[in-house]
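Asks: just need the structure, nothing else, for what follows:
(2 chains)
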2 protein chains.
Amino acid sequence: MTVSAPATPPHVHRRFLDPLLGKAISPPPIWLMRQAGRYLPEYKATRAAAGSFLDLCYNPKLAAEVTLQPIRRYGFDAAILFSDILVVPDALGQSVSFLEGEGPRLDPIRDAGALKRLKPEAAAKTYAIVCETVARLRQDLPKETALIGFCGAPWTVATYMVGGEGSSDQAHARSFAYRDPKGFGQLIDILVETSIEYLSGQVVAGADVLQIFDSWASTLPEDEFESWVLEPTQRIVATLKKKHPGVPVIGFPRGACGLSETFLKVTGVDAISCDTAMPLRVMRSLQHHGKAVQGNFDPLLLVAGGAALDRRVDEILRTLSDKPFIFNLGHGIVPQTPPEHVAQLVERVRAWKP
Amino acid sequence: MTVSAPATPPHVHRRFLDPLLGKAISPPPIWLMRQAGRYLPEYKATRAAAGSFLDLCYNPKLAAEVTLQPIRRYGFDAAILFSDILVVPDALGQSVSFLEGEGPRLDPIRDAGALKRLKPEAAAKTYAIVCETVARLRQDLPKETALIGFCGAPWTVATYMVGGEGSSDQAHARSFAYRDPKGFGQLIDILVETSIEYLSGQVVAGADVLQIFDSWASTLPEDEFESWVLEPTQRIVATLKKKHPGVPVIGFPRGACGLSETFLKVTGVDAISCDTAMPLRVMRSLQHHGKAVQGNFDPLLLVAGGAALDRRVDEILRTLSDKPFIFNLGHGIVPQTPPEHVAQLVERVRAWKP
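Replies: Numbering: from 1, shown residues only, chains lettered A, B, ... in the order given. The predicted structure follows:
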C-alpha cells in the first residue's frame, strides 16, 4: 500500500524549511524533541485510551492526535510524527515490548546466525500503518507547519537489537562488531535498506523533512564510528536524495562532538542536531559549512525554568541565530517538565530580536 | 593519624613520571584503568575472602594485595590504589552500599537541607584506612613502579550523592544544580575541601601521582561544565600543587571532548586522560599544549583481541607516542576480558619502535 500526500500548494510557506535551504530567519524556527509526550496531560489521556505504547504508535488516528497536541498548544514550526525508533526492529519481526517504567525489551540478536530471524520483506505492512499516520497529519496540520518524519540510525537501532534493551555503554553491539565485523555489517546493511524503505514511505505520505536519530553514537572510537555511523548514514542520505530530491535530512549523532564536523562533511545531511554538551562555539563552527545546526537547550533547564531559562535562550540565539539555525533541545523533553515552561521557552524564542 | 612514606631513593627512576614532566619516552609507559579487578582470577579469590566490595576497600592488607596482582602479572609502569570514588561520600557519613550486580546505592541528598547529614570533620578516620593501603603499597611495590592515588571529581561524586545511584543522564544532580545553584555549590565546596584532604593524605602516604576521575562530565552544557567541573577541579589542583609541589595530577573529564582543551588550559592538570570516543586527532592537538595525554584504547576491543587489537595499538602509538603520552584504555577493563588479551596488549606496546 502506498499512501500519497497531496502536493503542497505553491503559495504555502513553511518557514521551518528555510534554514534547511541555507537561509537564516529571525526568529529561528522552533520545535522540541519529544514535544508530544508525557509532560502533557492531553497526551496522557490519549495514551490511556490507546493501550500500550506500541498500540498508540500503530493507531494512526491517535498517533496523529498526539502529534497535533503540542502544535495546538504552542504553534511549533514543525510537527514530528509520533512513533518510536524501535518500530523498525518490530517491523522486521524481532518483537519489541515496552515494559512500563523500564524501557524496551527485545529478544536479542547476539550473532550473525540470529539474523535469519529477521524478515525485511514483511516490514512494509508495519511501515504502511505509520505512513497512514503521516498522511493523516499532512491533512490535519496547519498548512504552514512542516512535518518531520524520522527513524533511528542503523547503529543506534542495532544497539537495541543486539543488546535486547537500552544500556549506557552499548557493550553487546560494540562487542559483536569487534568479534564479527562482517556479520554485524550484515545487520547494518539490513537496517540501511529497510530504513530507506521506511523513510521513503514517509516522504511519499507527506513528510517534508526527515531526521535520523543516532542517540548512541557517543561511545564509538573513530574507526568504528566511520564503519557504523558515517558510512551507513551516508548511504541512507544518498539514496533518499536520489529518490526524493529536495527533501532535507537532519542528522543527530548524539554525543559525538569530536566527530561532528566529519559527520557533517561525510554523510550529506542538510543539518546537524546537537546535544546539550556541544559547546556553542563548536555549533558556530559547524555553521561555517553552510549547513544548518539545530539544538541544544538543556531539557533539565526546561524543567527548572525561571530567569536562567531566558538567559540561556538568549545566549544560544545571540551566538547562532544569524546563520541557518533551528531552535531545539539537546535531547528529548522529560516527563516532569511543567508545560508552562515550554510556553515560556517558545515565547522567549519568538520574541527574539537580533 | 598521618602515614608518611619513606623518601624515594635518589637513584630510582620511575619512567611513568617522564611524560608527566613533559618528556616523551619510547615505548610509552602503560597502565590500564581497573587493571585490578574481576577479570583476574586472583582478584576474585581475594575479593571472596574479603567479604563485601567496601570491606575489600577498607582492608589495607587485601586492598594492597589486589593492587599488586596486575603488577606481578604484567609489570605495568604504574599501580593504582585499589579503592572506589564512593569512599568519599561514605567517609562523609552518607552510607554507601554496593548491591551485587546492581551498582552502588546511597540515601540521596536532593536539596541543600539534606547537606547537614554530611560530617566532613569525621572523614579523616576513613581516609586514614585508605592511606594505610597507600603506605603498604609504597613499601611492597617494585621501586620502579609509580603509585597513583585518586578520587572522583566533585561533580561525578555529587551525581551519585544526589541521585542515590548511577544514571545515564545524571538528572537529579543536574536538576538540583539548576534549581538551587547556591545549595548545590555548597555540596561541591564540601567535596572540594574533603577531596583535597583525601588526596593530600595519599601523597603523604606515598602516592607519586594523582588522578581525578570525572566519569560523568559528558552531559553538562558549557556553562554548567564551567561551574561544576572546571572551577572545582582547578581549586583542588591549585591547592594540591601548593601543598605538594612536583606531584603531577591527571584529569579525566570523560566524554567531554568538546571542552577538553578548555579543561587542560583552565584546571592546571599535568595530563588529560581521554575516553574511547576522543579522536586521535584531538588528542594530538591536546599534546601541543606541552602536557601529556593518556588513553584511549577501547576496553571492548581488549575483550575481542586478535589482529584488530594489534592494529589499533599501533595506530595509537604511531599518532601519539613521539610526544608526552601514557598508554591506557578509554575506560575501565570489563570483567569478561581474557587476561591473555591484556598480556597481548602490553607486549604490543612494549615492542613498539617508532
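Asks: only C-alpha atoms for contact and neighbour calcs from this point on.
Replies: OK.
Asks: what's the weakest-modelled helix or strand in chain A?
Replies: Within chain A, no helix or strand scores below strand A:96-99, which has a mean of 90 by mean pLDDT, DSSP states H and E.
Asks: may I have it exported as CSV, CA atoms only?
Replies: Output of strand A:96-99 as CSV, limited to C-alpha atoms (Å, rounded to 0.1, in the frame of the first residue of the first chain):
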residue,chain,number,x,y,z
VAL,A,96,9.5,-5.4,20.8
SER,A,97,7.8,-4.7,24.1
PHE,A,98,7.9,-1.7,26.3
LEU,A,99,7.8,-2.5,30.0
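Asks: that strand pairs with which strands, and in what direction?
Replies: Here strand A:96-99 is paired, per DSSP bridges, with strand A:103-106 (antiparallel).
Asks: how far does the strand it pairs with sit from the chain's center?
Replies: 19 Å (C-alpha atoms, centre = their mean, to the nearest Å).
Asks: now that strand: buried residues?
Replies: Across strand A:103-106, burial judged by 16 or more other C-alpha atoms under 10 Å in any protein chain shown covers A:Arg105, A:Leu106.
Asks: repeat for stretch A:267-283
Replies: Taking 16+ other C-alpha under 10 Å as the criterion, stretch A:267-283 shows A:267-280, A:282-283 as buried.
Asks: contacting chain B as well, which ones from the residues you listed?
Replies: A:Thr276, A:Ala277, A:Met278, A:Pro279, A:Val282 (C-alpha under 8 Å from any C-alpha of the partner chain).
Asks: would you confirm that the first one contacts A:Asn296?
Replies: In this case it means A:Thr276. Yes. A:Thr276 is within contact range of A:Asn296, at 5.0 Å (criterion: C-alpha atoms under 8 Å).
Asks: now for the two: what residues contact both?
Replies: Contact criterion C-alpha atoms under 8 Å, 6 or more residues apart in numbering or on different chains; residues shared by A:Thr276 and A:Asn296: A:Leu329, A:Gly330, A:His331.
Asks: got CSV for those, with pLDDT too?
Replies: Shown next, in CSV, are the shared contacts of A:Thr276 and A:Asn296 (pLDDT from 0 to 100):
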residue, pLDDT
A:Leu329, 98
A:Gly330, 97
A:His331, 96
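Asks: follow-up on the earlier one: closest one of the ones next to chain B among the buried residues of stretch A:267-283 to chain B?
Replies: A:Ala277 (4.5 Å; C-alpha to the nearest C-alpha).
Asks: the closest one in helix, strand or coil?
Replies: Recorded secondary structure, A:Ala277: coil (DSSP: H, G, I helix; E, B strand; the rest coil).
Asks: now do the contacts for it.
Replies: Contacts of A:Ala277 (C-alpha under 8 Å, 6+ apart): A:Gly255, A:Gly330, B:Ser218, B:Thr219, B:Leu220, B:Pro221, B:Glu222, B:Ala256, B:Gly258.
Asks: among those residues, who's most crowded?
Replies: Sorting the contacts of A:Ala277 by how many neighbours each has (other C-alpha atoms under 10 Å in any protein chain shown) puts B:Ala256 first, at 31 neighbours.
Asks: quick one: it from chain A, how far?
Replies: Separation of B:Ala256 from chain A (C-alpha to the nearest C-alpha, to the nearest Å): 8 Å.
Asks: show me the contacts for that residue.
Replies: A:Ala277, B:Ala217, B:Ser218.
Asks: so where do the helices sit in the stretch 151-300 of chain A?
Replies: A:154-163, A:171-179, A:181-205, A:222-225, A:231-243, A:260-267, A:280-287, A:299-304 (DSSP state H, counting those that start in this stretch).
Asks: pick the most deeply packed of the ones you listed.
Replies: helix A:154-163 (a mean of 25; mean count of other C-alpha atoms under 10 Å in any protein chain shown).
Asks: quick one: list the elements packing against it.
Replies: helix A:87-91, helix A:171-179, helix A:181-205, strand A:209-214 (3 or more C-alpha pairs under 8 Å, 6 or more residues apart in numbering or on different chains; DSSP states H and E).
Asks: report the angle between the third one and helix A:154-163.
Replies: Inter-element angle recorded for helix A:181-205 and helix A:154-163: 120 degrees (by axes from the mean of the first three to the mean of the last three C-alpha atoms, to 10 degrees).
Asks: so what touches helix A:181-205?
Replies: Against helix A:181-205 from outside (C-alpha under 8 Å, 6+ apart): A:2-5, A:88, A:111-112, A:115, A:120, A:123-124, A:127-128, A:130-132, A:134-135, A:138, A:149-151, A:154-155, A:158, A:176-177, A:209-210, A:228, A:232-233, A:235-236, A:239-240, A:243-244, A:247.
Asks: give me the mean pLDDT for that helix.
Replies: Mean pLDDT, helix A:181-205: 98.
Asks: gap between that helix and the chain center?
Replies: 15 Å.
Asks: and that helix with strand A:209-214, angle?
Replies: Going by the same axes, to 10 degrees, helix A:181-205 makes 160 degrees with strand A:209-214.
Asks: repeat that for the second one.
Replies: Angle between the axes of helix A:171-179 and strand A:209-214 is 80 degrees (criterion: the same axes, to 10 degrees).
Asks: CA atoms of helix A:171-179 as PDB?
Replies: Provided in PDB are the C-alpha atoms of helix A:171-179 (Å, rounded to 0.1, in the frame of the first residue of the first chain):
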ATOM      1  CA  ALA A 171      28.700  -3.300  25.100                       C
ATOM      2  CA  HIS A 172      26.800  -6.100  23.300                       C
ATOM      3  CA  ALA A 173      26.600  -4.300  19.900                       C
ATOM      4  CA  ARG A 174      30.200  -3.000  20.200                       C
ATOM      5  CA  SER A 175      31.500  -6.400  21.000                       C
ATOM      6  CA  PHE A 176      29.500  -8.100  18.200                       C
ATOM      7  CA  ALA A 177      31.000  -5.600  15.800                       C
ATOM      8  CA  TYR A 178      34.600  -6.200  17.000                       C
ATOM      9  CA  ARG A 179      34.100 -10.000  17.100                       C
END
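Asks: let's have the contacts of B:Ala256 in CSV, adding distance to A:Pro104 and pLDDT.
Replies: Shown next, in CSV, are those (distance: C-alpha to C-alpha, whole Å; pLDDT from 0 to 100):
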residue, distance to A:Pro104, pLDDT
A:Ala277, 26, 96
B:Ala217, 26, 94
B:Ser218, 24, 93
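Asks: okay if I get these as CSV plus distance to A:Leu191?
Replies: Shown next, in CSV, are those (distance: C-alpha to C-alpha, whole Å):
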residue, distance to A:Leu191
A:Ala277, 28
B:Ala217, 32
B:Ser218, 28
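Asks: related to what we said a few turns ago, wait, which of the ones next to chain B among the buried residues of stretch A:267-283 is closest to B:Gln336?
Replies: Among these, A:Ala277 lies closest to B:Gln336 (C-alpha to C-alpha), at 31.0 Å.
Asks: contacts only, for the closest residue to A:Gly37 other than its chain neighbours.
Replies: What sits nearest to A:Gly37 in space, not counting adjacent residues and going by C-alpha to C-alpha, 6 or more residues apart in numbering or on different chains, is A:Tyr43, at 5.8 Å. Residues near A:Tyr43 by C-alpha under 8 Å, 6+ apart: A:Ala36, A:Gly37, A:Val66, A:Gln69.
Asks: give me the phi and psi for A:Tyr43.
Replies: Reported as degrees, to the nearest 10, the phi and psi values for A:Tyr43 are phi -70, psi -50.
Asks: rewinding a little: in the contacts of A:Tyr43, find the pair that's most separated.
Replies: Checking the contacts of A:Tyr43 with C-alpha to C-alpha, the most distant pair is A:Gly37 and A:Gln69, at 9.2 Å.
Asks: compare these two (neighbour count), which wins?
Replies: A:Gly37 (21 against 18).
Asks: helix, strand, or coil at the more buried one?
Replies: Taking three-state DSSP, the label given to A:Gly37 is coil.
Asks: surely it meets A:Gln336?
Replies: No. In this structure A:Gly37 lies outside contact range of A:Gln336 using C-alpha under 8 Å: 10.6 Å.
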